[in-house]
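Visitor: have a look; sequence and predicted model below, questions after that.
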Amino acid sequence: MERVVVTGVGLVTPLGVGTEASWSAALAAKSGVGPITLFDITDSYPCRIAAEVKGFDPTEFLDRKRIKECSRFIQFALAAAKLAVSDAGMELSDAERERAGVFIGVGMGGLELLEAATLKLNQNGPRKLSPYTIPALVANMAAGQTSILLGWRGPSLAHTSACASSAHSVGEALRWIQRGDADVILAGGAEASITPVGIAGFSAMFALSRRNDEPGRASRPWDRNRDGFVCGEGAGALVLESLTHARKRGARIICEMRGYGSTSDAHHITKPAPGGEGGARSMRAALRDARLDPTDVDYVNAHATGTQSGDLEEGHAIADVFGAHATNGDLWVSSTKSVMGHLLGAAGAVEAAMCVKALQTSLVPPTANLEDQDPECHLDCVPLTARERTIRHALSNSFGFGGTNATLVFSMLED
């Protein structure tokens, strides 16, 4: 079975356009949350804040024809892909492109375009819709357009599993390469759901923070005063390739991808199973796959979104899986959603990239706004300030509506 390594990272997030901009801001606990500007928000919305990608200019990455074909989430995906491929120094021959794939997970697709098209249809009739309407909004076109842009002719897949979508994309990419069915896969996720329906819909579920007057302090995983998550947008991409292929081309290897676990709670459409039982099984499956003991793990980038029940159930699950290693503070756990909000379908890939950067730099990003930790959470959640430590193995959790769970494990490469 092939070993799989990470050779490139690309990020477009509310913290910045570019991997280093995003990573530096995460380390500094610099929030990307602010008042919504992507549509005309009114006081009738209970939540009027979000983590938008600021200063994104698609012409820096794409020609105008392709921009016209793509809604916002696809543009994010293409930008992150180009950044990741550049970071990997990836130049494939025509033959190699036959075995290079693109897996990009998406939760909602082109929601803003669907809303606009519906309004135009109702107001002006069907003849006024653009012929690009459907190709620009369907979820698989993030992967499809990326495949076209790169000329990679291997498998092109879009995994849609709510907030675990892109974690599943990265995990399934691992499997394809391990089996020898592909040599290289650009794996990631994209989302752009800061729209009237997106914000109103999550607000109707009482899922979003209503700390409108303090947007930078609104996303508060594990804090006693948390009141919901903050909706974010963006994209993340990892270049995964077999160790054989990476070494053959003389690639810079950042780390190894060691494990992947996936489970279902089979419990409720939105609530996690009691005690985070499904997430715990996902973590155990990933550790078994990676052939690691829980005490081997140094860092967990948690799913923790800032909801009352979700944060605690994941905390209980981590304590259950890692035992005293977690509760005595040897395991560091943090949530980068505290600064970039919840990127929904893109969250898994972006947070996997956070683990990769932690391994690369020996730095752990903090949980911002964690000023008064919930006494029911008995973990070291790295409050407020980044820390330095040697990290051998890092784990990333992503959990989604419908009870779907995914866990990824990344490690320093060992011969």
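Guide: Received it, and whenever you're ready, just let me know what you need.

Visitor: list the contacts for Trp176?
Guide: When contacts are counted by C-beta atoms under 8 Å, 6 or more residues apart in numbering, Trp176 touches 101, 103, 155, 182, 185. C-beta: built from backbone N, CA, C; applies to glycine.

Visitor: give the contact list for the residue nearest the centre of the chain.
Guide: Among the residues of the chain, Ala347 comes closest to the average C-alpha position under C-alpha atoms, centre = their mean, at 2.2 Å. Residues in contact with Ala347, defined by C-beta under 8 Å, 6+ apart, are 163, 166-167, 189, 191, 232, 303, 337, 398.

Visitor: isn't there a helix covering it?
Guide: Yes. Assignment of Ala347 by DSSP: H, G, I helix; E, B strand; the rest coil places it within a helix.

Visitor: ranges for the strands of the stretch 251-400 of the chain?
Guide: Assignment of strands within the stretch 251-400 of the chain using DSSP state E, counting those that start in this stretch yields the ranges 255-264, 299-301, 332-334, 363-364, 387-388, 393-400.

Visitor: hmm, back to that, of all the contacts of Ala347, which comes closest to Ala28?
Guide: Top of the list for closeness to Ala28, among those and by C-beta to C-beta, is Lys337 at 15.8 Å.

Visitor: shouldn't the closest one be in contact with Gly310?
Guide: No. With the criterion set as C-beta atoms under 8 Å, Lys337 and Gly310 do not qualify as a contacting pair; they are 10.8 Å apart.

Visitor: overlap in contacts, the two.
Guide: Taking C-beta under 8 Å, 6+ apart as the contact rule, the neighbours common to Lys337 and Gly310 are Ala304.

Visitor: please say which of those two ends up with more neighbours.
Guide: Looking at Lys337 and Gly310 with other C-beta atoms under 10 Å, you find the greater number of neighbours at Lys337, namely 27 against 24.

Visitor: contacting residues around the more buried one?
Guide: When contacts are counted by C-beta under 8 Å, 6+ apart, Lys337 is found next to 219, 221, 229-230, 232, 304-306, 347, 351.

Visitor: using TSV, please lay out these together with pLDDT and distance to Pro35.
Guide: As requested, these are arranged in TSV below (pLDDT from 0 to 100; distance: C-beta to C-beta, whole Å):
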residue	pLDDT	distance to Pro35
Ser219	98	14
Pro221	98	21
Phe229	98	17
Val230	98	12
Gly232	98	14
Ala304	98	24
Thr305	98	20
Gly306	98	18
Ala347	98	22
Glu351	98	25
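
Visitor: buried subset of those residues?
Guide: Those of the contacts of Lys337 that meet the buried threshold are 219, 221, 229-230, 232, 304-306, 347, 351, by 16 or more other C-beta atoms under 10 Å.

Visitor: identify, from these, the entry nearest to Asp330.
Guide: Ala304 (18.9 Å).

Visitor: list phi and psi for the closest one.
Guide: Dihedral pair for Ala304: phi -20, psi 110, per degrees, to the nearest 10.

Visitor: ok, it touching Trp222?
Guide: Yes. Ala304 lies in contact with Trp222 (C-beta under 8 Å); the separation is 6.2 Å.

Visitor: quick one on the thing from earlier: of the contacts of Lys337, closest to Ala79?
Guide: Comparing the contacts of Lys337 against Ala79 with C-beta to C-beta picks out Gly232 as the nearest, at 15.8 Å.

Visitor: the closest one contacts Gly341, doesn't it?
Guide: Yes. Using C-beta under 8 Å, Gly232 makes contact with Gly341 at a distance of 3.0 Å.

Visitor: what residues of stretch 142-150 count as buried?
Guide: Taking 16+ other C-beta under 10 Å as the criterion, stretch 142-150 shows 142-150 as buried.

Visitor: pLDDT (mean, whole number) over that stretch?
Guide: Mean pLDDT, computed over stretch 142-150, is 98.

Visitor: show me how far it is from its chain's centre.
Guide: Between the mean C-alpha point of stretch 142-150 and the mean C-alpha point of its chain there is a distance of 19 Å (C-alpha atoms, centre = their mean, to the nearest Å).

Visitor: alpha carbons of it, in CSV - could you do that?
Guide: Presented in CSV, the C-alpha positions along stretch 142-150 are these (Å, rounded to 0.1, in the frame of the first residue of the first chain):
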residue,chain,number,x,y,z
ALA,A,142,-15.5,23.3,-8.0
ALA,A,143,-13.7,20.0,-8.8
GLY,A,144,-14.7,20.1,-12.4
GLN,A,145,-13.4,23.6,-13.1
THR,A,146,-10.2,22.8,-11.2
SER,A,147,-9.6,19.7,-13.3
ILE,A,148,-10.1,21.8,-16.4
LEU,A,149,-7.8,24.6,-15.2
LEU,A,150,-5.0,22.2,-14.3
